[in-house]
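Peer 1: Dropping the sequence and predicted coords here.
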Amino acid sequence: MTGQPQEAVVLVHGLWMRGWTWHFYRRWLTQQGYKVYLFSYKTTQQAFDLTLLQLAAFVNSRPERIMHLVVHSMGGILAMRALPKINKPGKLVMLGSPINGSKVAKKLQRIGWHKGLLNHATDPLTQGTGDVDKLRESLMIAGTSAYGFGRLIEARMGVSDGTVGLAETQADWLDEHVQIHCNHMGLLWNKQAMNLTLDFLRKS
């Protein structure tokens with residue numbers, strides 16, 4: 001890419017996180033010539049419907065013509081629900097997003113811990129994306145290294161990245177679904193995931 005970039009990437013973090021979690025991805029994508037923006041939000045302390053409106057407004061207000069979304073975990077549910085309100089084209093890359101709902105979140109809800117730990121994130125994490133209108137090309141990168149906090153809460157996830165079950169990341173409407181040997185948080189700095197992301201964004 002030369003001159004003023006016409007493509008940009010918005011990075012959207014997951015539950016309990018902030019923009020700093022994207023440090024490696026941001027540096028990598030910047031080195032590849034993309035303008036990179038961080039969208040940070042209050043994952044549990046703000047109404048989810050308000051957050052998705054803020055995400056859509058943030059993406060729509062950027063100067064670049066093409067706006068890609070690269071999202072982690074709950075950020076994938078947020079992005080999918082915000083897409084109908086986003087008026088710029090681009091691609092969507094999700095890292096370990098429980099688009100079918102999270103067994104860990106459902107377990108927290110059953111035992112009554114969701115009010116303190118999830119709060120406003122309870123509905124999106126237990127329900128997932130809901131009905132989907134396919135609005136852009138999408139890639140899911142799912143981890144299969146089951147070392148993570150989620151297994152301490154819900155051991156019956158099957159193949160997982162330690163927090164999100166593989167089955168929770170699968171859907172017919174995805175254009176591509178790739179599995180890599182990585183745990184949930186490791187997806188944020190895994191070199192294979194970064195290369196898969198870049199290849200997908202560049203593919204015509």
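Peer 2: Ah, there it is.
Peer 1: Surely residue 187 is in contact with residue 197?
Peer 2: No: applying C-beta atoms under 8 Å, one finds residue 187 not in contact with residue 197, separated by 10.1 Å. Bear in mind the C-beta positions are built from the backbone N, C-alpha and C, glycine included.
Peer 1: Just want to know which of those two has more residues nearby.
Peer 2: When residue 187 and residue 197 are compared for neighbours, residue 187 comes out ahead with 27 against 23, by other C-beta atoms under 10 Å.
Peer 1: So which bits of stretch 85-100 are buried?
Peer 2: 86, 88, 90-100 (16 or more other C-beta atoms under 10 Å).
Peer 1: what about it, average pLDDT?
Peer 2: When pLDDT is averaged over stretch 85-100, the result is 97.
Peer 1: Span of it from start to end?
Peer 2: This stretch, stretch 85-100, spans 21 Å end to end (C-alpha to C-alpha, to the nearest Å).
Peer 1: Same check on stretch 29-38?
Peer 2: Span of stretch 29-38 from end to end, C-alpha to C-alpha: 12 Å.
Peer 1: now it: mean pLDDT?
Peer 2: pLDDT averaged over stretch 29-38 gives 96.
Peer 1: what's in contact with that stretch?
Peer 2: 1, 5, 7-11, 19, 22, 26, 58, 62, 64, 68, 70, 197-198, 201 (C-beta atoms under 8 Å, 6 or more residues apart in numbering).
Peer 1: Give me the buried entries from those.
Peer 2: 5, 7-11, 22, 26, 58, 64, 68, 70, 197, 201.
Peer 1: how about the strands in this structure?
Peer 2: Ranges of strands in the chain, per DSSP state E, are 7-12, 35-39, 66-72, 92-95, 138-143, 176-180.
Peer 1: okay, those strands in a markdown table with distance to residue 130 next?
Peer 2: Shown next, in a markdown table, are these (distance: least, C-beta to C-beta, whole Å):
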| stretch | distance to residue 130 |
| --- | --- |
| strand 7-12 | 18 |
| strand 35-39 | 21 |
| strand 66-72 | 16 |
| strand 92-95 | 15 |
| strand 138-143 | 15 |
| strand 176-180 | 19 |
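Peer 1: in stretch 57-66, what counts as buried?
Peer 2: 58, 59, 64.
Peer 1: Now the two most distant members of the buried residues of stretch 85-100.
Peer 2: Largest separation among the buried residues of stretch 85-100 by C-beta to C-beta: 88 and 100, giving 26.8 Å.
Peer 1: hmm, back to that, so which of the strands of the chain is nearest residue 167?
Peer 2: Using C-beta to C-beta, the nearest of the strands of the chain to residue 167 is strand 138-143, at 9.5 Å.
Peer 1: Parallel or antiparallel, which strands does the closest one pair with?
Peer 2: With DSSP bridges as the test, strand 138-143 is paired with strand 92-95 (parallel), strand 176-180 (parallel).
Peer 1: which residues of this protein score low on pLDDT?
Peer 2: Applying pLDDT under 70 to the chain picks out residues 1-5.
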